[in-house]
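Colleague: What would the 3D arrangement of this be:
(one chain, ligands or ions: 1)
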Amino acid sequence: MAQYARGSAVAVIRLRNPPVNALSRAVLQALEDGLKKADADPSVKAVMICGENGKFSAGADIRGFSAPKRLGGALGPVVSLIESSEKPVVAAIEGVALGGGLEVALGCHYRIAHVKARMGLPEVTLGLLPGAEGTQRLPRLIGVPAALDMITTGKHIPATEALKLGLVDEIVEENTIEAAIRLANKVIGQPLGPRRLSLKPVPKVPNMEAFLDEALAKVKRQARGCLAPELCFQAVRAATQSPFADGVRRERELFQVLLSSGQAQALQYAFFAERAVRRWATPGGASWSSAAPQPVRRAAVIGLGTMGRGIVTSLVKANIPLVALEQDLENLNKGRKAVMFLLEREAMKMEGGAQVLDFHNPARLQFTVDFDLLRDVDLVIEAVFENMALKKEIFHKLSKICKPGALLCTNTSALNIDEIASATNRPQQVIGTHFFSPAHVMRLLEIIYGRHTSPTAIATAMQLATALKKVGVVVGNCFGFVGNRMMFPYVQQAVFLLEEGSRPDAVDQALEDFGFKIGPFRMSDLAGLDVGWRSRKDQGLTGPSLPAGTPARQRRGQRYSPLPDLLCEHGRFGQKTGKGWYLYEKAGGRTATPDPWLLNFLSQYRDTHGIQTRFIDQEEILERCLFSLINEGFAILAEGIASGPEHLDVIYINGYGWPKHRGGPMFYASTVGLPRVLAKLQKYSEAHPDVPGLQPSAFLKKLAAVGNPPLKEWMSYLSQQSSKL
Ligand SMILES: CCCCCCCCCCCCC[C@H](O)CC(=O)SCCNC(=O)CCNC(=O)[C@H](O)C(C)(C)COP(=O)(O)OP(=O)(O)OC[C@H]1O[C@@H](n2cnc3c(N)ncnc32)[C@H](O)[C@@H]1OP(=O)(O)O
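Modeller: Numbers count the residues shown, from 1 in each chain. Okay, here's the model as predicted:
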């Protein structure tokens, strides 16, 4: 709703729709009614629009876009109505003015913002464009370059920047509403023509066409298959080429194209999925609604390798004082130097820099080799390398040294949390926190509860994720948890495809064309092939513990490809050695080129094992890699390792480079249609009966059999049939 009130000469219209004053049909109707009332009342000389509870508005109600009766074109005409008012209208922007919220403010004749307010047109991040005339008004107000930047990236800008750009007329540190009413009183009677943005010309840029061509090339480069940025660009370009009314018509056409695109649906699903996973629950009944987190006043990180360095940097950026511990002085000094380098770089990106982060202050960041300094910390994150014996030794030590309430976190990508917890006297306080590399950049934090982990421990880890500005996703304990467990069959298929006749660059290209930031072989070269090799040796799949006489391409009765092991035996660990699945310009180089040696090696390998080389098309590459990953996702859901498909999708978007405009693997499966995914898996599984990852999961079969229900209903079928799985 919007509340109308009349003070002296200034009528106040307050947008009201908690929690963010989203513009629903009801809000828009009330806004329109308020404007008409103010217009009709001769004692009203000016109007002020603000939002309830210190927030102007987060824009159109996103849920309305999928409702049968959409928000439609209702917002644009209301913005025009504001602008055409004969009485001055002032927007008082507090909190946020985003999307349609900012478009309402652009219709106003004056804008005044609180210094802490943020503004933006983030529609592009939802697969849309500003559809209430924002693409036409913003360039007229702040110029084409700044408007294009805001509209095609969707970034939120602080009030101080908005003032510099001319987006707002004034910023205030105190009461924005009072300041806006003062301004409204002051401008009564002044001519409104110059304040109506639709009447202004778009400011000229020298050589506009060349500028736009360059901007378009940049937008295309960054969009990676996502439609909205380019259509946002086209709408702004229309503002430079046509009168306002024609530009608005073009904006509406383009908005309609995006609204009905699958990408907008996927991106809006991703928006709500990210929020849904905050409401975590475990099969044991613990949940976000009843568990309270413990405060974390001081933390510790053990191990200053690649992961530890990123985690320390993340904690410092979150303003959490901490102790960073290494096993000896040599590693400590190496780690300290690397952390300082990262922190200096991060500080340069921030306003206030090193002073704000204060990382030279030992009270905030202390480096040590002395375990005793961990006595008082509230939370420890162990980030040593993936070795169960080592981790257990550390956790045993921690349970003796740390204070009773301290939370003990292990940064592991696959190891059993219960086994690690068994080395302590407080398994209820042990939890997995799987960071992704580089840990100070990647948004995902997979939070793994063990059999004994307490609800408080989960709530505290989730709170930590928020403090670190990460997306925490709570999952159960199994080998590889959710992310890596789904990744195993995907990578396995990629390698099998090489055995059968494909090439690393063909597989990578297919998956990068699908939208992945990086294909599996380039990724494996980047991460280092030796990491997986060590793990496979630990699992007895290769190396000296492999029983003599084991068939080369079979393990435990299943198909196995020794190709990655053979590459490691040839010293090909990826980028770090200058060769892996690709050839690099030097050890540590980053430019991958197909390697004739490898192609020859693959051909000899196929001859040795009597494999007939065949051409494998893009469709087969995509289906075998993606559907096997999705199939594992269904198995994970059936086992209760994750409480919904949204969890898997949020993990894949934020940790594994899954293209967000495809909504995550499970959402993607729902768009392909579960019967089709099932049929393809059945086909491939018949062709490769020794690959369990291709055998359709019982849950997928069930969902296909009951008629392919929408994703939000999937979990309800699980409770009805879990006993039969
Ligand atoms: C028939 C068709 C004809 C076509 C004709 C063409 C003309 C069509 C004209 C259409 C008009 C278009 C108008 C406009 O251009 C489009 C838009 O405005 S799209 C929306 C743009 N806004 C955003 O993207 C902002 C999204 N929100 C946020 O970024 C954040 O929520 C926040 C505002 C920064 C606040 O962040 P937090 O404090 O962290 O809080 P949460 O994120 O947890 O949010 C709290 C709660 O609110 C829900 N929510 C937030 N924003 C919206 C929203 N815009 N609509 C609905 N709900 C919203 C959020 O989901 C949380 O709830 P929960 O999910 O936890 O229940």
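Colleague: ok, residues contacting stretch 421-429?
Modeller: 391-393, 395-396, 398-399, 404-408, 418, 430, 450-454, 457 (CB atoms under 8 Å, 6 or more residues apart in numbering). For glycine as for every other residue, the C-beta is placed from the backbone atoms N, C-alpha and C.
Colleague: Span of stretch 194-212 from start to end?
Modeller: Start and end residues of stretch 194-212 are separated by 27 Å (CA to CA, to the nearest Å).
Colleague: Run the chain-centre distance for it.
Modeller: 34 Å (CA atoms, centre = their mean, to the nearest Å).
Colleague: Let me see the mean pLDDT of that stretch.
Modeller: Across stretch 194-212, the average pLDDT comes to 96.
Colleague: what packs against whatever helix or strand A461 lives in?
Modeller: A461 is located in helix 455-467, with elements delineated by DSSP states H and E. Packing partners of helix 455-467 (3 or more CB pairs under 8 Å, 6 or more residues apart in numbering; DSSP states H and E): strand 407-410, strand 430-435, strand 444-449, strand 471-475.
Colleague: Check whether that helix comes near the ligand.
Modeller: No: Helix 455-467 stays clear of the ligand (CB under 6 Å from any ligand atom), getting no nearer than 9.3 Å.
Colleague: If we go by neighbour counts, what in that helix is buried?
Modeller: Using 16 or more other CB atoms under 10 Å as the test for burial, helix 455-467 gives 455-465, 467.
Colleague: What of stretch 337-347?
Modeller: 338-340, 342-343, 346-347.
Colleague: Equivalent analysis for stretch 571-583, please.
Modeller: So for stretch 571-583, counting by 16+ other CB under 10 Å, buried means 572-583.
Colleague: before we move on, the earlier item: derive a PyMOL selection command for the buried subset of the contacts of stretch 421-429.
Modeller: A single PyMOL command selects the buried members of the contacts of stretch 421-429 (16+ other CB under 10 Å):
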select buried, resi 391+392+395+398+399+406+407+408+430+450+452+453+454+457
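Colleague: tally of neighbours for the residue in the stretch 151-300 of the chain that the ligand sits nearest to?
Modeller: Nearest residue of the stretch 151-300 of the chain to the ligand, counting by CB to the nearest ligand atom: R275, 3.7 Å away. When neighbours are defined as other CB atoms under 10 Å, R275 has 11 of them.
Colleague: repeat for R252
Modeller: Counted with other CB under 10 Å, R252 comes out at 17.
Colleague: from here on, count from 3
Modeller: In the new count, where the first residue is 3, that last one comes out as R254.
Colleague: is the helix or strand harbouring it anywhere near the ligand?
Modeller: Using DSSP H and E, R254 sits within helix 246-261. Yes: applying CB under 6 Å from any ligand atom, one finds helix 246-261 touching the ligand at 254, 257-258, 261.
Colleague: can you list the residues of this protein near the ligand?
Modeller: Counting by CB under 6 Å from any ligand atom, the chain sits next to the ligand at 21-22, 24, 60-65, 72-75, 77-78, 98, 100-102, 105, 124-125, 128, 130, 132-134, 136, 254, 257-258, 261, 274, 277.
Colleague: Try it again at 5 Å.
Modeller: Proximity of the chain to the ligand (CB under 5 Å from any ligand atom) is limited to residues 21-22, 24, 60-64, 72, 74-75, 77, 98, 100-102, 124-125, 132-134, 254, 257-258, 277.
Colleague: Now, those residues that are in strands?
Modeller: 98, 100 (DSSP state E).
Colleague: Narrow the residues of the chain next to the ligand to those in helices?
Modeller: Those of the residues of the chain next to the ligand mapping onto helices are 77, 102, 254, 257-258, 277, per DSSP state H.
Colleague: just these now: which is nearest F617?
Modeller: Q258 (40.8 Å; CB to CB).
Colleague: Now do the closest one, the pLDDT please.
Modeller: 95.
Colleague: for E353, same thing?
Modeller: The model's pLDDT for E353 equals 73.
Colleague: May I ask which helix or strand of the chain has the lowest mean pLDDT?
Modeller: Ranking every helix and strand in the chain by mean pLDDT, DSSP states H and E puts helix 355-359 at the bottom, with a mean of 68.
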